[in-house]
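S.K.: got a sequence here, can you model it:
(one chain, ligands or ions: 2)
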Amino acid sequence: MALDVPPGYRSLKEADVSSYLAGVPAVATKLGGSVTDWKVREVGDGNLNLVFIVEGPSGGVVLKQALPYVRLVGESWPLPVRRAFFEHQALAAESKAAPRHVPRIFHFDETLALTVMAYLTPHIILRKGLIRGIVYPKLADHMATFLAETLFATSDLGQPAAAKKKHMALFCDNIELCRITEDLVFTDPWRIAEANRWTSPQLDAAAAAVRSDGPWKRAAQEFKLKFMGEAQALIHGDLHSGSIMVTEDETYAIDPEFAFYGPMGFDVGALIGNLYLAYFSQSGHETWPGERDGYRDWILRTIETVWTLFDQRFRALWNKAHGGDTFMPALFATASEQAALQAAQDAYMRRLFVDALGFGGCKMTRRILGLAHVEDMESIADPDRRAECEKQALRLARVLMVEGSRFDGIGAANEAARAVRRETAKVPA
Ligand code: ADP
Ligand code: MG
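M.R.: Ligands and ions are numbered 1, 2, ... in the order given. Below is the predicted model of the structure:
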């Protein structure tokens, strides 16, 4: 099959990387020494792209290059390399809004569809830390900041209409990546699809039940409508725990190639949903029942803090850093106008909360029944144990999607997660 690449595109091999970077002065300076001193290794563990780590005497960089097909599947599934352009644009916008949580960019090459950015070390992918049971005391605080700052800045509260429309026009073309989400997250788990897979035979009945569950299907399609129709802000579009790199002190969001103007709840929900997946996977990583009780509590506290701080910071930005053409502060001067503004903010945050829960549920479902699974579950070797964790996660996912509006706050959602464990695993949750 002919792969669609711009003239001049070639995919780099380890041996090509150093000579390419030698031609990029900003990067050569960062690495220090000369080309022969640079060590290159390909480390891409993601689903789509090549990632090279390059280390020189004075520092390291990461070179990420888009391949013209889905790496996980192969050349039979072509995917435009132009996604690197959207990733670069999104990184630029995110670093303006939340510079402490986005890797620094040194270079972008549109023809080769590659970005050179800061090498985050000794940071690891959050998902791997969650599997090992590592506590990240600042994670919730940092991610709440990242979410509030990036989403607010690109919303109609944070930027003027003309700027937003121009920015949106750039991202409207990210059709293929959006299409992946539309199919894989919102549709395939609820129908028979070739790419679907699940722990079988343990989950066969559960998967069949999902495919004939009217209210659940309806919820999935309503969230899909929202995803496709509500251009609230520039969203990262893939903010799961595999797109976050952490140490105890620092938190970075990477890999925004799915970015477009969509519903904010999708980003908040991606994080929350993946934390719930981590929560339910913990029993699969215990050497004795209850070993990870304290860690489970920390995950739920993290979910609660992410939402609570996000809510506070988003409102604070609305009140103090307003820059958009809606809800202009001058309209709300008197006490009664202020009360009306407060009510509008409450309603806005409430909708966002219900969206986040629902989108989180969609993301959880697809990781159990769809094409791409998560290591949290996949690394549980015993299929019976894994299936137990996955069934619990599926149950919560349905509740979040179908009944999200009955939760009066994040504490109630966490209580539902605990209840699922109590009911199905017969353990104190
Ligand atoms: P993909 O889009 O193919 O999923 P990612 O951007 O997620 O690619 O990167 C794949 C992997 O490369 C990450 O899981 C991480 O291990 C590593 N990586 C990516 N960017 C960096 C970085 N800036 N610093 C260190 N490691 C990185
Ligand atoms: Mg990616």
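
S.K.: so what's the backbone phi/psi at the residue lying closest to Ser11 once chain neighbours are set aside?
M.R.: Computed as Cβ to Cβ, 6 or more residues apart in numbering, the closest residue to Ser11 that is not its neighbour in sequence is Leu67, at 5.8 Å. Glycine gets a C-beta too; all of them are placed from N, C-alpha and C. Phi and psi for Leu67, reported as degrees, to the nearest 10, are phi -100, psi 150.

S.K.: and what of Lys39?
M.R.: The phi/psi pair for Lys39 (degrees, to the nearest 10) is phi -110, psi 130.

S.K.: could you give the bridge partners of it?
M.R.: Beta bridges link Lys39 to Glu55, judged by DSSP bridges.

S.K.: in the chain, which residue sits nearest ligand 2?
M.R.: Asp255 (4.2 Å; Cβ to the ion).

S.K.: quick one on the thing from earlier: report pLDDT for the residue nearest to Ser11.
M.R.: At Leu67, the pLDDT value in this model is 94.

S.K.: what about it, distance to Ala372?
M.R.: 16 Å (Cβ to Cβ, to the nearest Å).

S.K.: repeat for Phe327
M.R.: From Phe327 to Ala372 the distance is 38 Å (Cβ to Cβ).

S.K.: before we move on, what about Gly411?
M.R.: Distance of Gly411 to Ala372, computed by Cβ to Cβ: 31 Å.

S.K.: follow-up on the earlier one: quick one: which of Leu67 and Ala372 has more around it?
M.R.: Each of Leu67 and Ala372 has its neighbours counted (other Cβ atoms under 10 Å); Leu67 has more, 20 against 16.

S.K.: send me stretch 143-150 as PDB with only the CA atoms.
M.R.: Extracted in PDB, the C-alpha atoms of stretch 143-150 (Å, rounded to 0.1, in the frame of the first residue of the first chain):
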ATOM      1  CA  MET A 143      -2.000  17.800  36.700                       C
ATOM      2  CA  ALA A 144      -4.700  20.000  38.100                       C
ATOM      3  CA  THR A 145      -2.600  23.000  37.100                       C
ATOM      4  CA  PHE A 146      -1.800  21.600  33.700                       C
ATOM      5  CA  LEU A 147      -5.500  20.900  33.000                       C
ATOM      6  CA  ALA A 148      -6.800  24.200  34.300                       C
ATOM      7  CA  GLU A 149      -4.200  26.300  32.700                       C
ATOM      8  CA  THR A 150      -4.200  24.700  29.200                       C
END
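
S.K.: wait, Thr115 sits on Ala92?
M.R.: No - the criterion here is Cβ atoms under 8 Å, and Thr115 misses it with Ala92 at 10.3 Å.

S.K.: intersection of neighbour lists for the two?
M.R.: Ile105 (Cβ atoms under 8 Å, 6 or more residues apart in numbering).

S.K.: show me which of these two is the more surrounded one.
M.R.: More crowded of Thr115 and Ala92, by other Cβ under 10 Å: Thr115, with 24 against 12.

S.K.: show me what the more buried one is bridged to.
M.R.: Beta-bridge partners, per DSSP bridges, of Thr115: Lys64, Phe108.

S.K.: neighbours of the one residue in the stretch 101-250 of the chain that gets nearest to ligand 1, just the number please.
M.R.: Residue of the stretch 101-250 of the chain nearest ligand 1, by Cβ to the nearest ligand atom: Leu120 (3.5 Å). The local packing of Leu120 (other Cβ under 10 Å) involves 19 other residues.

S.K.: and it, how far from His107?
M.R.: Here Leu120 is placed at a distance of 16 Å from His107 (Cβ to Cβ).

S.K.: before we move on, what about Gly324?
M.R.: Taken as Cβ to Cβ, the span from Gly324 to His107 is 32 Å.

S.K.: sorry, back to before: confirm the residue of the chain closest to ligand 2 sits in a helix?
M.R.: No - assessed with DSSP: H, G, I helix; E, B strand; the rest coil, Asp255 is coil; it does not lie in a helix.

S.K.: how many residues are close by the nearest residue to it once chain neighbours are set aside?
M.R.: Once flanking residues are discounted, Asp255 sits nearest to Ser243: 4.5 Å by Cβ to Cβ, 6+ apart. Neighbourhood size, Ser243 [other Cβ under 10 Å]: 23.
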